[in-house]
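K.L.:
what shape does this take:
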Amino acid sequence: MKYRSTSSAWVRGVASMFASQGVDVAALFADAGLSLSLLDQADQRWPTEQVSLLWQLAAERAGNPAVALTNPHLARPDHYGIVGYAMMSSPDLLTGLGRLIRYLRIVSDAAVISLVTEQEGCWVRLDLLGGARAVPRQRYEYGLLTLLTFCRWMLGHSLRPQSASFSFSAPEDVGPYVEAFGCPLLFDAISNGFFIAERDLLSKLPTAIPQLADLHDRMAGLALRKLETPQTTRRGQEAIACRLQDGSPRRSQIASDLGLSDRTFQRRLGDDGTSFTDLVDDTRKELAQRYLSDPQTSLSEIVYLLGYSDQSTFFRACTRWFGRPPGEYRVRLALDLADRVGV
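P.N.:
Predicted coordinates for the structure are as follows:
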């Protein structure tokens, strides 16, 4: 079974909402088998089964089955991280939703959002993958409401869906749904979602910043590629980056930093389709690109930060990586940035 997870940005928002309802969040996380101390770590991912358990326990302890529908008009753009910025810089709502679908794995690879076109608009549908645990209705309610309120916030006016559907039976009190979605409701439906009229989908976003749209796409693309990098490779790169200023690190040093034996580290890198030599080179290349984009960092400083013993070695590496020496590549980066922001 594929391990599926949700970002810390999203889970932080969920935890904050629980706290606003008087739920003891520390106890809640502990009972769900999760460490609250990890919540501020940007790269932390949360197993989908435990996220479902959080919702189940929170609804019980809040004494409110509709806990996911509290504060229905509060926009939560920070839940989406860089994906939210990519959406906001889009020219219209339809393009923004397309970017959400493209980069959704950054927020959660346990969720699937799809647009189903019908006459005069389309359904925005949400599917959640719960792993070995059934997905509680509150996760659907919260996911749909958070997306709807974010769309309203981006548009700058009260977006009213034509309809909202839910795959579960109608609760005794539908008042919170009426307040949250403000449209006709359908329960025991085949899917969970809401229908947006075409005129709203094509509405221009006041938050749009055309000059930054490409930059946000690139940042989201980098985040997506990082997420797709195998864990041992990613952790190895982080450990290498910390040691480069002392020169080229040894494999045994990095293995020790990761709490692995040298042989286990080597085997896992092989399983990831890479080697330690390639890992060091890839790490240096990524850092070089970052440092060269900052005109305040001199070439001699970059040589030191990357752990090279002399400038000539760094110059040869840059030519191999980028097809030009560092000075020329820095100029190219500056020109590309100027083109993107319209300078």
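
K.L.:
CA atoms for contacts and neighbours, from now on please.
P.N.:
Fine.

K.L.:
how much space separates residue 274 from residue 20?
P.N.:
Counting by C-alpha to C-alpha, to the nearest Å, the separation of residue 274 from residue 20 is 46 Å.

K.L.:
ok, now residue 111?
P.N.:
Distance from residue 111 to residue 20, by C-alpha to C-alpha: 25 Å.

K.L.:
which residues in the stretch 151-300 of the chain form helices?
P.N.:
175-181, 198-201, 210-228, 231-243, 251-257, 262-271, 276-292, 299-305 (DSSP state H, counting those that start in this stretch).

K.L.:
distance to residue 30 and mean pLDDT added to those helices, as JSON lines?
P.N.:
Converted to JSON lines, the helices of the stretch 151-300 of the chain look like this (distance: least, C-alpha to C-alpha, whole Å; pLDDT from 0 to 100):
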{"stretch": "helix 175-181", "distance to residue 30": "29", "mean pLDDT": "94"}
{"stretch": "helix 198-201", "distance to residue 30": "42", "mean pLDDT": "95"}
{"stretch": "helix 210-228", "distance to residue 30": "26", "mean pLDDT": "83"}
{"stretch": "helix 231-243", "distance to residue 30": "25", "mean pLDDT": "85"}
{"stretch": "helix 251-257", "distance to residue 30": "28", "mean pLDDT": "91"}
{"stretch": "helix 262-271", "distance to residue 30": "31", "mean pLDDT": "89"}
{"stretch": "helix 276-292", "distance to residue 30": "36", "mean pLDDT": "91"}
{"stretch": "helix 299-305", "distance to residue 30": "40", "mean pLDDT": "93"}
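
K.L.:
reformat the ones you listed as JSON lines; add distance to residue 191.
P.N.:
Supplementary listing: the helices of the stretch 151-300 of the chain in JSON lines, determined by distance: least, C-alpha to C-alpha, whole Å:
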{"stretch": "helix 175-181", "distance to residue 191": "16"}
{"stretch": "helix 198-201", "distance to residue 191": "20"}
{"stretch": "helix 210-228", "distance to residue 191": "27"}
{"stretch": "helix 231-243", "distance to residue 191": "34"}
{"stretch": "helix 251-257", "distance to residue 191": "47"}
{"stretch": "helix 262-271", "distance to residue 191": "39"}
{"stretch": "helix 276-292", "distance to residue 191": "42"}
{"stretch": "helix 299-305", "distance to residue 191": "52"}
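
K.L.:
among the ones you listed, which is nearest residue 143?
P.N.:
helix 175-181 (12.3 Å; C-alpha to C-alpha).

K.L.:
so which bits of that closest one are buried?
P.N.:
176-177, 180-181 (16 or more other C-alpha atoms under 10 Å).

K.L.:
so how far is that helix off the chain centroid?
P.N.:
Here the centre of helix 175-181 is set off from its chain's centre by 28 Å, with C-alpha atoms, centre = their mean, to the nearest Å.

K.L.:
ok, and what's touching that helix?
P.N.:
66, 69-70, 72-73, 145, 160-161, 164, 184-185 (C-alpha atoms under 8 Å, 6 or more residues apart in numbering).

K.L.:
looking at these, which one is closest to residue 220?
P.N.:
residue 145 (23.2 Å).

K.L.:
could you verify that that closest one is part of a helix?
P.N.:
Yes: the assignment for residue 145, made by DSSP: H, G, I helix; E, B strand; the rest coil, places it in a helix.

K.L.:
and it, how far from residue 71?
P.N.:
In this view, residue 145 and residue 71 are 10 Å apart by C-alpha to C-alpha.

K.L.:
so the nearest residue to residue 67 once chain neighbours are set aside: helix, strand or coil?
P.N.:
Excluding the flanking residues, the one nearest residue 67 by C-alpha to C-alpha, 6 or more residues apart in numbering is residue 59, at 6.0 Å. Put simply, residue 59 is helix when judged by three-state DSSP.

K.L.:
pretty sure residue 324 is touching residue 318, no?
P.N.:
Yes: under the criterion of C-alpha atoms under 8 Å, residue 324 makes contact with residue 318 at 6.5 Å.
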